[in-house]
Structure formats: C-alpha cells, structure tokens
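# return a 3D structure for these sequence lines:
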Amino acid sequence: VVQRAGVSKFIESYLSWKLPLGRYGLTPDHPFVEDYASCQMAILPEGFFDMADRGLVRFKRASAGWCFSENGVVLDDGTKVEADLVFLATGFEGKDKLREVLPKPFRDLVVGKSSMMSLYRGTVHPLIPNMAFVGFVESVSNLHTSELRCRWLSGLLEGRFEL
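Numbers count the residues shown, from 1 in each chain. Next comes the predicted model:
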C-alpha cells in the first residue's frame, strides 16, 4: 500500500508539472491511484490545452446545479455560459446524471430494460433531438472508438449525410 501511494504521488506530481490542470480547475479531488485502479484514464486530444489557452474550450464546474438555456447553460449562481456545444463529464454514475439532465419526456429513454442505452452508431438516440452521446458506452480499452464517433458526428452535423 505504501508503494502504491508513493507511485500515485509521483504520477500526480508529474501530471501537475506537465499539464496545466490547476489553471483550469481540473485537478481531481481524489488521489490519482483511484482513477488508475478503476481504469478511469484519459488521453488528451492533440492541442487540447492550446485550444483552452485560445478560449476555444472553456471549463465550468457546476456541482450545485445548472440548466440548459437558449444559447448554452445557466449555472445555479446565475452565471450564463454561451456555448455552441456543451460537453457533460458525468463520471461514473453517468446514467443517473443523464436522467437528471434530460427533459422529463426523454428520461426513460436513457436506459432500456436491458440496462443499455440504445444509440444509433453508439452516438445518437433517434427519439432525443439535438443531443449526442460520445464516450457514453466506451471504456479505457477502446478510446479510439470515441474519436471515430466524433468524426461521424461532425459529418452528420455538417450535413455531409442524413440519417
């Protein structure tokens, strides 16, 4: 246990030095070893923090609550965040959090009787408009599937094909 904690601290120190997690409020509230042990690892897209530095990607924590608005989201403290796209990092209890986010008519569509969400191309639900789910059915073992789904989704949104 002492060795694992030492390795965890070493990796946390390295990541804090290598990535500007603190600058963007992305430092986890728990030790790195918890993510490592549960395979909750992430691969950053190329140029991710460069895009954040240019304001193309913005981060907002909304632990108290939030809601969608016409032009983005409104946080419980009244802060309005305009956005073309909203990414929800729901974490481990994603199904329960998605039920809270979706309007009531769509909540029961999130998980069917088989406890799986039925998504076309693993990305869109035919009965939930204007929402896509990338990474919802992935694990650390198939992270590149999310990239393929993002490329497919961008083609759909750009109108290169229709469903």
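# so how far is R58 from F106?
Here the distance between F106 and R58 works out to 26 Å (C-beta to C-beta, to the nearest Å). Glycine gets a C-beta too; all of them are placed from N, C-alpha and C.
# confirm F68 sits in a strand?
Yes - assessed by DSSP: H, G, I helix; E, B strand; the rest coil, F68 belongs to a strand.
# my guess is it contacts L88, does it?
No - counting by C-beta atoms under 8 Å, L88 is not a contact partner of F68; they are 10.6 Å apart.
# F106 and R58: which has the busier surroundings?
More crowded of F106 and R58, by other C-beta atoms under 10 Å: F106, with 16 against 11.
# show me this protein divided up by domain.
1-59, 61-91, 94-158 (the TED database).
# so which of these is the most packed in?
Ranked by mean neighbour count, these are led by domain 94-158 with a mean of 14 (mean count of other C-beta atoms under 10 Å).
# and that domain, what's its mean pLDDT?
Mean pLDDT, domain 94-158: 76.
# again, but for stretch 19-26
pLDDT averaged over stretch 19-26 gives 84.
# show the end-to-end separation of that stretch, please.
10 Å (C-alpha to C-alpha, to the nearest Å).
# now swap in stretch 110-130 and tell me
14 Å.
# now that stretch, how far from the centre of its chain.
A distance of 17 Å separates the centroid of the chain from that of stretch 110-130, by C-alpha atoms, centre = their mean, to the nearest Å.
# which residues sit against it?
By C-beta atoms under 8 Å, 6 or more residues apart in numbering, the residues outside stretch 110-130 that reach it are 95, 98-99, 102, 106, 109, 131-134, 136-137, 145, 149, 152-153, 156, 163.
# ok, stretch 67-75 next?
60, 62, 64-66, 80-83, 86.
# and these as a markdown table, adding secondary structure, pLDDT and distance to S13?
Converted to a markdown table, the contacts of stretch 67-75 look like this (DSSP: H, G, I helix; E, B strand; the rest coil; pLDDT from 0 to 100; distance: C-beta to C-beta, whole Å):
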| residue | secondary structure | pLDDT | distance to S13 |
| --- | --- | --- | --- |
| K60 | coil | 79 | 27 |
| A62 | coil | 73 | 29 |
| A64 | coil | 68 | 31 |
| G65 | coil | 75 | 34 |
| W66 | strand | 79 | 32 |
| K80 | strand | 90 | 37 |
| V81 | strand | 87 | 32 |
| E82 | strand | 88 | 36 |
| A83 | coil | 85 | 33 |
| V86 | coil | 78 | 32 |
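# cheers, nothing more for now.
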